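Engineer: here you go, sequence then predicted model.
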Amino acid sequence: MQFMIVEHFKPGKTREIYTRAGTRGRMIPDGLHFVNSWVSENLTTCYQVMETNDINLLHDWISHWNDLVDFEIIPVISSSAARQIALDPGEQ
């Protein structure tokens, strides 16, 4: 399953976030896969896609960062999967 993770950097913590990432890495547990990420130009928000079949792994990963970042976890599907669901006659 894929998740869009929206990371809201806590005020004044951007440098510390990047320092920790540089020294400790992403600290992603086995079974949780990083797909890609994008950061807002003002360096306050990160949007990333993660994959896992165990949402508890997301919470484990977040526990390494929640002193610096507030998180939103949004389950997502591809646009093509959404189209198939939306056009399924059983959905109407």
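Structural biologist: Good, I have the coordinates. From a predicted model like this one, the values you see are computed outputs, not experimental measurements.
Engineer: do you know the pLDDT at residue 31?
Structural biologist: The model reports residue 31 with a pLDDT of 98.
Engineer: look up how far residue 38 lies from it.
Structural biologist: Per C-beta to C-beta, to the nearest Å, residue 31 is found 23 Å from residue 38. C-beta here means a position set from N, CA and C on the backbone, and glycine is covered the same way.
Engineer: can you list the buried residues in the worst-scoring helix or strand of the chain on mean pLDDT?
Structural biologist: Every helix and strand of the chain was ranked by mean pLDDT, DSSP states H and E. The lowest is helix 79-87, at a mean of 94. Under the neighbour-count criterion of 16 or more other C-beta atoms under 10 Å, helix 79-87 has nothing buried.
Engineer: same check on stretch 9-23?
Structural biologist: 9, 13, 14, 17, 20.
Engineer: just the helices in the chain please.
Structural biologist: 14-24, 55-62, 79-87 (DSSP state H).
Engineer: now these as TSV including distance to residue 70?
Structural biologist: Output for the helices of the chain, formatted as TSV (distance: least, C-beta to C-beta, whole Å):
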stretch	distance to residue 70
helix 14-24	12
helix 55-62	10
helix 79-87	27
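Engineer: can you check which of the ones you listed gets nearest to residue 46?
Structural biologist: helix 14-24 (8.5 Å; C-beta to C-beta).
Engineer: residues contacting the closest one, please?
Structural biologist: Residues outside helix 14-24 that contact it (C-beta atoms under 8 Å, 6 or more residues apart in numbering): 9, 43, 44, 64, 65, 68, 69.
Engineer: tell me the contacts of the second one?
Structural biologist: By C-beta under 8 Å, 6+ apart, the contact set of residue 43 is 9, 14.
Engineer: repeat the analysis, applying 6 Å as the threshold.
Structural biologist: By C-beta atoms under 6 Å, 6 or more residues apart in numbering, residue 43 lies in contact with residue 14.
Engineer: right, I'll call it a day here.
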